[in-house]
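# predicted model follows, preceded by the sequence.
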Amino acid sequence: MIRVGVITASDRGYRGEREDISGKVIEEMVREINGFVEEYKVLPDDLEVIKKELINMSDKGIDLILTTGGTGLSPRDNTPEATLSVVEKLVPGIPEAMRMASLVKTPHAMLSRAVAGIRGKTLIVNLPGSPKGVRENLSVILPALPHAVEVLRGEVKDCGK
Ligand SMILES: Nc1ncnc2c1ncn2[C@@H]1O[C@H](COP(=O)(O)OP(=O)(O)OP(=O)(O)O)[C@@H](O)[C@H]1O
Ligand SMILES: Nc1nc2c(c(=O)[nH]1)N[C@H]1C(S)=C(S)[C@@H](COP(=O)(O)O)O[C@H]1N2
């Protein structure tokens, strides 16, 4: 079982003006890797608020935090900066893979500034805001996530596959 935290960064979602479909898509998709959403928050696109929640969820021992939204170019898109301010190491291959695969679907893929990194034993990954963006990006990285979590937990001694 992978303990998952979901953070939806959306001013509209936070104000209750839109149902959070993207968070639901994440919840559904992580089931494929035996992931269970233990923490779930819809937050405004505020750097300090997102940062605080990333710290809170990683301190609780969540294995994998998936954020959705706030990765683009508008002034209120702050999710990558919040993530960068709390991680100790970057995992660049994750956003590299997402953008590489997504560029085949839309040139707008290059406009996601998503990052991924590690805080303690928690892997944090940014996904775009739209349900379509979540589906297309998460499906690319999903097969690698169980192994990432095993390694972070210290359960893998030999990575020889
Ligand atoms: N959490 C979500 N649930 C459902 N649809 C979403 C969600 N986030 C974004 N979308 C949809 O994806 C489209 C592009 O997302 P974008 O990040 O630009 O959201 P936004 O609505 O402009 O910003 P915000 O939600 O932060 O106010 C939006 O038009 C919206 O319909
Ligand atoms: N695979 C995929 N990647 C995608 C998209 C998409 O529809 N599919 N949307 C793009 C768009 S339109 C934007 S603006 C950026 C950032 O989205 P965000 O600001 O909602 O996080 O993600 C991009 N990445």
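That came through, no problem. Residues are numbered from 1 along each chain as shown. Ligands and ions are numbered 1, 2, ... in the order given.
# ok, residue 122 touching residue 58?
Yes. Look at residue 122 against residue 58 with CB atoms under 8 Å: they come within range, at 3.8 Å. Heads up, the C-betas are built off the backbone N, CA and C, glycines and all.
# which neighbours do these two share?
residue 65 (CB atoms under 8 Å, 6 or more residues apart in numbering).
# more crowded one of these two?
residue 122 (24 against 21; other CB atoms under 10 Å).
# host element of the residue positioned nearest the centre of the chain?
Residue closest to the average C-alpha location in the chain (CA atoms, centre = their mean): residue 66, at 2.6 Å. According to DSSP states H and E, residue 66 maps onto strand 64-68.
# now do residue 57
helix 47-59.
# got it, and residue 147?
Going by DSSP H and E, residue 147 is part of helix 145-153.
# just residue 40 next, same as before
Assigned by DSSP H and E, residue 40 belongs to strand 35-43.
# mind listing the strands for the chain?
2-9, 35-43, 64-68, 89-90, 116-119, 122-127 (DSSP state E).
# of all the ones you listed, which one is nearest ligand 1?
Ligand 1 sits nearest to strand 2-9 of all these, at 4.9 Å, using CB to the nearest ligand atom.
# could you confirm whether the closest one reaches ligand 2?
No. For strand 2-9, no contact with ligand 2 is found by CB under 6 Å from any ligand atom; the gap never falls below 7.9 Å.
# that strand to strand 64-68, inter-axis angle?
20 degrees (axes from the mean of the first three to the mean of the last three CA atoms, to 10 degrees).
# strand 2-9 to helix 47-59, inter-axis angle?
Going by the same axes, to 10 degrees, strand 2-9 makes 170 degrees with helix 47-59.
# so how far is strand 2-9 from its chain's centroid?
Remark: strand 2-9 is offset 7 Å from the chain centroid, using CA atoms, centre = their mean, to the nearest Å.
# what do you get for stretch 72-83?
13 Å.
# please shift the residue numbers so they start at 45 in all later answers.
Taking 45 as the first residue, the last one we looked at is stretch 116-127.
# list the buried residues of that stretch.
116, 121-124, 126-127 (16 or more other CB atoms under 10 Å).
# likewise for stretch 184-193?
185, 189-190, 192-193.
# looking at those residues, which is nearest residue 69?
residue 185 (14.0 Å; CB to CB).
# tell me the contacts of that closest one?
Counting by CB under 8 Å, 6+ apart, residue 185 has contacts 138, 141-142, 169.
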